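Undergrad: 3D model of this:
(2 chains)
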Amino acid sequence: MTERLFRPVSSASLAAYRIGFGLLGAVLLIRFWRMGWIERAFTEPKFFFKYYGFEWIQLWPGQGIYLHFAILTAVSLCLACGLFTRVMSLLFFLGFTYIEMLDQSNYLNHYYLIALLAFINVFLPLNARWSLDNLIGLSARRDFIPAWALYWVRGQVGTVYFFAGLAKFGTDWLLRAEPLNVWLTAHSSFPVVGFFLGQVWLHYLMSWAGFLFDLSIPFWMSNGRTRPYAYLVVIFFHVCTYLLFPIGLFPFIMVFAAAMFFPADWPLKLFGQSKEPARGIKIQWRGPVVAGLALWFFVQWTMPFRNLLYPGNVLWTEEAMRFSWKVMIREKNTETIFRVKDLATEETRFVSPSAYLLRHQEIEMSGSPDMILQFAHFLKQEMKAKGRDVAVYADTYSSFNGRSGKPLIDPHVDLTKERESFRPKRWIEPAPETDPHRLSIGAFAL
Amino acid sequence: MDNKFAVYAELIKAHQQKSDYSSRLIAARKGLSAVETLIFDRQALVRPGLSGELKPNEIEFNALSLGERRAARCLVLRSLLGDVAFYAEDVYQKWSFNGGRYPIRVLERMRAGQTPMVLNDLSNGIYYLEKVKDFKLGTPLGLNARCLKAKCPDDVEFLKSGQGLIALRENIASFSLAMVGGDQQPGFLTLVEERGRADLAQTLRARIGNMNQTLAELMLTRKSLRELVVDADKSRCADVASPNALCRLYFEVAETMKIYKSDFMTVMNLAMPEGETDND
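TA: Reported below is the predicted structural model:
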């Protein structure tokens, strides 16, 4: 096993990965500018939802966030060019993770993947070839690198697929075709295929296909004989998700990342270059590399299971939902109104989250009990600043995976008396036990 | 342009004949607010009314003669009302799309598997009902935390013109029209039924019916919204069973929005306004 990790492989694949990663990173950051998301995510909100334990992370003062994005875009392009590669990798990781840590309501699984890959990049010999570092003599060109560098990236990408598949192993997804029933029915306007998207049998077919695809694609991509066909399936799958769902750059990132499963010299073959004769490489850091990889994948493969420590359906409670590749598997629309009770006068008033939050923040908060708790504490402080000592309750009503709405939070619990922690939140109401309503359009509905 | 000082600034610019009528670029509702100030807030217009630390605009306003103020007011009003007419015509044209049967066209295209993208835009418009709940009812009644006094009757919309209740009626009528339909035209709830959720459509119809009934009760009082707020007994203002019609209306709107933002949004798979973003 250790021998396989340190066998020499072509550095071409990793160099192509570096160029692609840097360019995609730059596109992602520029897209933030162009879509006006810097304002919406960072300069306009009056309140940020902090990650537990990372409350100390603050927004840059003044126009600092614009400078941050500008510098990070430049860093990303430097990374693509392979200039000061390791420093740029570290800066990209820190800069991107900072952006993501500012507000929980911006959490996306693919941003988390980018942050993880950015961290991995810091340790990889990304500048081995096709880099400005080689040109200006900062590092010597190396045509061969130890295989662990590739395996780390492949392992991480495979982890995303496999656990995204495992997360679909549930009754809603497989036996009720939810939430695809809700999502696809709404796409019955698509030209040509629209009629079929309204059919329940297709929702089942796509649910099972998505489940089997995610769960097995890392293995098909790891096998030389099935890989070319599997990659075509990868492209088809992600093109479909791109067309049907608003998932931004995620499909592009995954199509690009899955290419890492091809043999390490695939870029050379692509451009018709002859195979390079294998050369030995100096083996360094054998112990730390093995220990590091073992630790990394131990954490990555246990994190998605941590929801088992909490009672209830994770898609409802959202406890341990983040950082576990539960990608696009639940539809939750929740109305949340806070009741603020003046402890001196016993008077009750209502606060709509929209009075303080932007819409995307309200959407994220309304389905996430931990964020509802944070906001309740914020309201307590707001009222305290106005000279009122208050208790704060949440009236929630949540429609989950096509079911009729029901309360998500116990409306009798004063949330200001609850503290954020890793312990289960007993004030989350049980998930609905009713079956989802079946939506359908047309004559072929089941 | 929804505060008096902004209106005054516009008046000064009109007097100096260099107005760009910035209200053209803002929402029609704010333009209406400015219209209300210009027509009905005569006291503020006639007297300087501004004291303390004055901004340059305010000093200039105080220096205008009464005649100059009246002339400027006419200029600004003409421009604003032109804008209101423009926006009203725009809305009318959009809803009159294809022979004035726009909701029917939407439904026909839905049935043919061609959901027009405007569906989400329509939903965004309907979302205005949340503002009705929070600002037009909740705040004046002291039920919303924006008002920390017992009640805030002076925070009713269109206070000077006394048109607050009419505006409320129109808002709820628009919501009803879009959801239930009217004049033999179907509304959103027809789509809900077609997707197999007749139960949800029935619930929403009942809620909308309640709102309209309560509103009719309020209209019969022939009181202004401010007077109704003053009359409301807040101690009995707790839920949809409240004996006070205005209180009841607040909770009926709240209950309707609750269903709208959860079950309805799910069935129609709509995005909240300004909430569209990347997912996972």
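Undergrad: may I ask which helix or strand encompasses residue 32?
TA: Just going to use chain A. Per DSSP states H and E, A:Phe32 falls inside helix A:12-34.
Undergrad: wrong chain, I was asking about chain B
TA: Element membership for B:Leu32 (DSSP H and E) is helix B:28-40.
Undergrad: avg pLDDT for that helix?
TA: Here helix B:28-40 scores 73 as its mean pLDDT.
Undergrad: list the buried residues of it.
TA: Judged by neighbour count (16 or more other C-beta atoms under 10 Å in any protein chain shown), helix B:28-40 contains these buried residues: B:Ala28, B:Gly31, B:Leu32, B:Ser33, B:Ala34, B:Val35, B:Glu36, B:Thr37, B:Leu38, B:Phe40. For glycine as for every other residue, the C-beta is placed from the backbone atoms N, C-alpha and C.
Undergrad: likewise for stretch B:68-87?
TA: Across stretch B:68-87, burial judged by 16+ other C-beta under 10 Å covers B:Arg69, B:Ala72, B:Arg73, B:Leu75, B:Val76, B:Leu77, B:Ser79, B:Leu80, B:Asp83, B:Val84, B:Tyr87.
Undergrad: one step back: show me what the helix holding A:Phe32 is packed against.
TA: Using 3 or more C-beta pairs under 8 Å, 6 or more residues apart in numbering or on different chains; DSSP states H and E, the elements in contact with helix A:12-34 are helix A:64-81, helix A:85-101, helix A:109-121, helix A:148-167, helix A:250-258, helix A:266-270.
Undergrad: what angle separates it from helix A:64-81?
TA: Orientation of helix A:12-34 against helix A:64-81 (axes from the mean of the first three to the mean of the last three C-alpha atoms, to 10 degrees) gives an angle of 160 degrees.
Undergrad: ok now helix A:12-34, how far from the chain's centre?
TA: In terms of C-alpha atoms, centre = their mean, to the nearest Å, the centre of helix A:12-34 is set 17 Å apart from its chain centre.
Undergrad: could you dump the buried residues of helix B:28-40 to TSV with distance to A:Gly22?
TA: Below are those laid out as TSV (distance: C-beta to C-beta, whole Å):
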residue	distance to A:Gly22
B:Ala28	47
B:Gly31	48
B:Leu32	51
B:Ser33	50
B:Ala34	51
B:Val35	55
B:Glu36	56
B:Thr37	55
B:Leu38	57
B:Phe40	61
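Undergrad: for those, which one is nearest chain A?
TA: Within these, the smallest distance to chain A is 19.3 Å, found for B:Ser33 (C-beta to the nearest C-beta).
Undergrad: lowest-scoring secondary structure element of chain B by mean pLDDT?
TA: Least confident helix or strand of chain B, by mean pLDDT, DSSP states H and E, is helix B:97-100 with a mean of 56.
Undergrad: ok, A:Ile235 - contacts?
TA: Contact analysis of A:Ile235 by C-beta atoms under 8 Å, 6 or more residues apart in numbering or on different chains lists A:Val255.
Undergrad: check which helix or strand it maps to.
TA: Going by DSSP H and E, A:Ile235 is in helix A:227-244.
Undergrad: now that helix against helix A:148-167, angle please.
TA: Going by the same axes, to 10 degrees, helix A:227-244 makes 50 degrees with helix A:148-167.
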